[in-house]
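**Student:** with the input below, show me the fold.
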Amino acid sequence: MASTRLSKTRNIGIIAHIDAGKTTITERILYYTGRVHRMGEVHNGEATMDWMLEERERGITITSAVTSCDWSGRNINIIDTPGHVDFTIEVERSLRILDGAIGVFCAVGGVEPQSETVWHQADRYKVPKIAFINKMDRIGADFFRVIDMIRDRLKATPLVLQLPWGSEDNYMGVIDLLEMKAVMWEEETLGAEFKEVPIPSDLMEEALRYREMLLETIADKDDIIMNKYISDEEIEIQELKRAIRTATIKLALVPIYCGAALRNKGIQLLLDGIVDYLPSPVDIPPIIGHEPISGREEPRPSEAGAPFSALAFKVIMDQGRKMTYIRIYSGSINAGGLVYNPGKHVKEKLARLLKMHSNKRKRITKASAGDIIATMGLKLATTGDTLCDEEKPILLEPIQFTEPVISIATEPKRVQDHDRLLDALKKLSDEDPTFRFRIDEETGQTVISGMGELHLEIIIGRIKREFFVETNQGKPQVVFREAIFKKAQHEEIFQKELAGQQHFAGVKVEISPRPRGSGNRFVDRCVNPDLTEEFINAIMEGIEETTISGVLMGYPVIDVETALLDVRINETYSSPMAFKVAAAMAFQNACQQADPILLEPIMKTEILIPEEFMGEVIGDLNARQGKIEQIVNKGPVQVLTASVPLSKMFGYSTSLRSLSQGRGTFSMQFSHYDKV
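**Tutor:** Now for the predicted structure:
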């Protein structure tokens, strides 16, 4: 019975570039499945999934929201994710726990920068995907250009299941290439009703051509279909669906749908695609974790009867209380039960289990494998923590977090609010791992860091609205990094008496630069037989701690290989503490000899601009030390791609508006660190 429930479950996310229509599509899905009885619109600030006040004011999704609905006897858990690059962590942690995803593409904009980012995030977690080309009713919509972009930019194999019937103002519906029929939606019923009609004669030739391409693509991925296709046998639709499902789950194909969500067209067939082609928890391989003590790999099958394991993927503060969202991979839990956190070595009680619908909740008494729920009562669990059965412990792969790239100093307007500000910042940093804060030791200022100007703007707004603390801010500051330009060696002898005890250690290291973005690495080349594992660990710890603060301006040191060449050991006086200090001093002195350099974040920037303003925009980018990489004609606008230092991009939205009479738009995401 449990396996039947699991096979009828779909855990999916909706991912895309900002303004592609993710939230609008989610609203239609909830309406047509009967989950809500009135469609909320993003532009009116009434979308069900955009429940935060900041989201409704700005008309964008900031935080991922969870809901569920039923379609064709299947339970679909949906996470609607943000599209703005400043909130990429919301996409990252959602994709980490999802079984499938819908990639939404604007028929005019196509594959935009953030579309690429989230698509590759999904690839990294091996999440099967289907694509929905939205806004077919917009001026400039080009279905086939988007297909080419999916193939070229995302390196995916698109499987065109539908052709658009008309475009722009004449968009009627879709041509279903599997069943060879045309589908059009009734305007009067807000798209709730649609009718199937024969394919118009003027589209039949194109439909037959694409139907043949569809069969060829499937045959290329499935031997049974290939044999029937070669021998000209009739292929049943159910056979094709089985083959498409198998290939989609293996990430060999991406089924393509199209429609116009705002005009209520195409959503029901997309729901059929979710049911038909995206995996249930039992269709994907068991989650792999590590046994905490032995470190050996251990699979956990998606079964209610297996030992309990889950991942905490999101933490929010709800009216002062901590709510933790979890994805259950195996086993089951009851409200009031105990779970073990192997990363923190603690047991915690699940006071409540909640089924979420955006920010609304329903109390439940039990949850099991395949469920995505919220819990109350977990005081110590943070994003990325594993929860499991203490008798059968397991550590699941944590979630990767991006480092902040921008900082500002902030202070409360009233001195007596200082402690309340720190409390608010602590709670917000618990919620969002890409948001950090620290007290600057030299100036005493509170410095907050995040992924961009909008990210920090939202944080400041939440401090005022949710914690009632008014603040003043300084100008944004870039988070720099340090690196080295050449190789250097240094030997450091540490010999000192501390608390009546002599300490001695000698460490010789060689540091050398690594390719940009490859990270730091430690290599042991020492052949001294007296060097113990305890001393090596102390040396590694000393070097690792020293990389946090570089020799130029105190920024973290990146992309350095440190080789341990030799050590000096005194049997009586050598200690781990001495080796840790000697290693730290050796690394620091070597850095000073290796021509240290300052690195700044470089942003990949894409600007959409009418051609008549191109000269002014390029001139402005050159003044900002930007490098133009590509200019592409996209109908009435030009798409300009450039790499620009983040420090030169503060306030760029205002400059672009004035240069283009308000007609230019841009998006920006972190690319790499490079020399200042």
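
**Student:** now for Phe480: which residues touch it?
**Tutor:** Met553, Tyr555, Leu598, Leu599, Glu600, Pro601, Val676 (CB atoms under 8 Å, 6 or more residues apart in numbering). In this view, the C-beta of every residue, glycine as well, is placed from N, C-alpha and C.

**Student:** 6 Å - rerun?
**Tutor:** Counting by CB atoms under 6 Å, 6 or more residues apart in numbering, Phe480 touches Tyr555, Leu598, Glu600.

**Student:** just Gly474 next, same as before
**Tutor:** Per CB under 6 Å, 6+ apart, neighbours of Gly474: Ile408, Ala409.

**Student:** nearest to Gly100, of the contacts of Phe480?
**Tutor:** Nearest to Gly100 among these, counting by CB to CB, is Glu600 at 38.2 Å.

**Student:** ok, now which ones touch that closest one?
**Tutor:** Applying CB under 6 Å, 6+ apart to Glu600 gives the contacts Val478, Phe480, Pro645, Ser647, Val676.

**Student:** out of those, what pair is the most spread apart?
**Tutor:** That would be Phe480 and Pro645, which, of those, are the farthest apart (CB to CB) at 10.6 Å.

**Student:** skip the chain neighbours and tell me the closest residue to Ala409.
**Tutor:** Counting by CB to CB, 6 or more residues apart in numbering, Gly474 is the residue found nearest to Ala409 once chain neighbours are left out, at 3.9 Å.

**Student:** Ala243 too?
**Tutor:** Nearest residue to Ala243 in three dimensions, chain neighbours excluded: Asp222, at 3.9 Å (CB to CB, 6+ apart).

**Student:** quick one: the one you found from Ala247, how far?
**Tutor:** Going from Asp222 to Ala247 by CB to CB, to the nearest Å gives 7 Å.

**Student:** tell me which element Ala505 falls in.
**Tutor:** Mapping Ala505 onto the secondary structure by DSSP states H and E places it in strand 501-513.

**Student:** so what secondary structure elements neighbour that strand?
**Tutor:** Under the contact criterion of 3 or more CB pairs under 6 Å, 6 or more residues apart in numbering; DSSP states H and E, strand 501-513 touches strand 488-498, strand 560-568, helix 576-593.

**Student:** quick one: residues in contact with it.
**Tutor:** Here strand 501-513 makes contact (CB under 6 Å, 6+ apart) with 484, 487-489, 491-496, 560-568, 570, 573-575, 578-579, 582-583, 586, 590, 594.

**Student:** buried ones only from the residues you listed, please, as a ChimeraX command.
**Tutor:** The ChimeraX selection below is limited to those of those classed as buried (16 or more other CB atoms under 10 Å):
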select :484,488,489,491,492,494,560,561,562,563,564,565,567,568,574,575,578,579,582,583,586,590,594
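
**Student:** what secondary structure does Arg145 sit in?
**Tutor:** Classification of Arg145 using DSSP: H, G, I helix; E, B strand; the rest coil returns helix.

**Student:** residue for residue, what is the longest helix this protein has?
**Tutor:** Longest helix in the chain, counting residues (DSSP state H): helix 201-221.

**Student:** what about the helices in the stretch 401-550 of the chain?
**Tutor:** Along the stretch 401-550 of the chain, counting by DSSP state H, counting those that start in this stretch, helices occupy 418-431, 453-467, 533-546.

**Student:** which of these comes out lowest on mean pLDDT?
**Tutor:** The weakest mean pLDDT among the helices of the stretch 401-550 of the chain belongs to helix 453-467, with a mean of 84.

**Student:** which parts of the stretch 151-300 of the chain are helices?
**Tutor:** Counting by DSSP H, counting those that start in this stretch, the helices of the stretch 151-300 of the chain are 201-221, 223-230, 237-249, 267-277.

**Student:** what's the angle between the shortest one and helix 237-249?
**Tutor:** Read that as helix 223-230. Put simply, helix 223-230 runs at 130 degrees to helix 237-249, going by axes from the mean of the first three to the mean of the last three CA atoms, to 10 degrees.

**Student:** nothing else from me, thank you.
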